[in-house]
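In: Predicted model follows, preceded by the sequence.
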Amino acid sequence: MLLQSGNFRLKGKKALLNQAEIPVITVMDVTETPRELPKKKQKIFFGGKRGYHTLKSQLVADKNTEEIICVCCGKARGHDFSLF
């Protein structure tokens, strides 16, 4: 019922870039979440810093309104800021 109301939907990347009011203060955090050993392309999901296979999740939020602007998931390899 709550999901059907549309209050829990996040805006897409295009909506964020076309947004008329750009948030002044944003907060961004990236975390690595462990995952099962993939059967194919293991090297992509191997996080060398942690030593196991992970997925990176990035969250961008507006500090004043505490509204989540976007969420993005990516491969473990690569810099935190290059996900979105």
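Out: Perfect, thanks for sending it.
In: Which helix or which strand is home to residue 66?
Out: Assigned by DSSP states H and E, residue 66 falls within no helix or strand.
In: let's have the chain start at 46 instead
Out: Right, with 46 as the first residue, what we last looked at is residue 111.
In: State the three-state secondary structure for residue 59.
Out: helix (DSSP: H, G, I helix; E, B strand; the rest coil).
In: Run a quick neighbour tally on it.
Out: 8 (other Cβ atoms under 10 Å). (Glycine included, C-beta is placed from N, CA and C.)
In: Check it and give its pLDDT.
Out: pLDDT recorded at residue 59 is 72.
In: For it, give me its contacts.
Out: Not one residue lies near residue 59 by Cβ atoms under 8 Å, 6 or more residues apart in numbering.
In: how far away is it from residue 115?
Out: When distance is defined by Cβ to Cβ, to the nearest Å, residue 59 is 11 Å away from residue 115.
In: In space, what's closest to residue 112 - neighbours in sequence excluded?
Out: residue 106 (6.6 Å; Cβ to Cβ, 6 or more residues apart in numbering).
In: Ok, residue 118 next?
Out: Using Cβ to Cβ, 6+ apart, the nearest residue to residue 118 is residue 102, at 5.1 Å.
In: Which elements pack onto the stretch of helix or strand the one you found belongs to?
Out: Counting by DSSP H and E, the element that carries residue 102 is strand 97-107. Secondary-structure packing of strand 97-107 (3 or more Cβ pairs under 8 Å, 6 or more residues apart in numbering; DSSP states H and E): strand 71-79, helix 87-90, strand 91-92, strand 113-120.
In: returning to that earlier point: where's the residue nearest to residue 118 relative to residue 77, distance?
Out: 8 Å.
In: What is the neighbour count of the residue nearest to residue 112?
Out: Neighbour tally, residue 106, other Cβ under 10 Å: 18.
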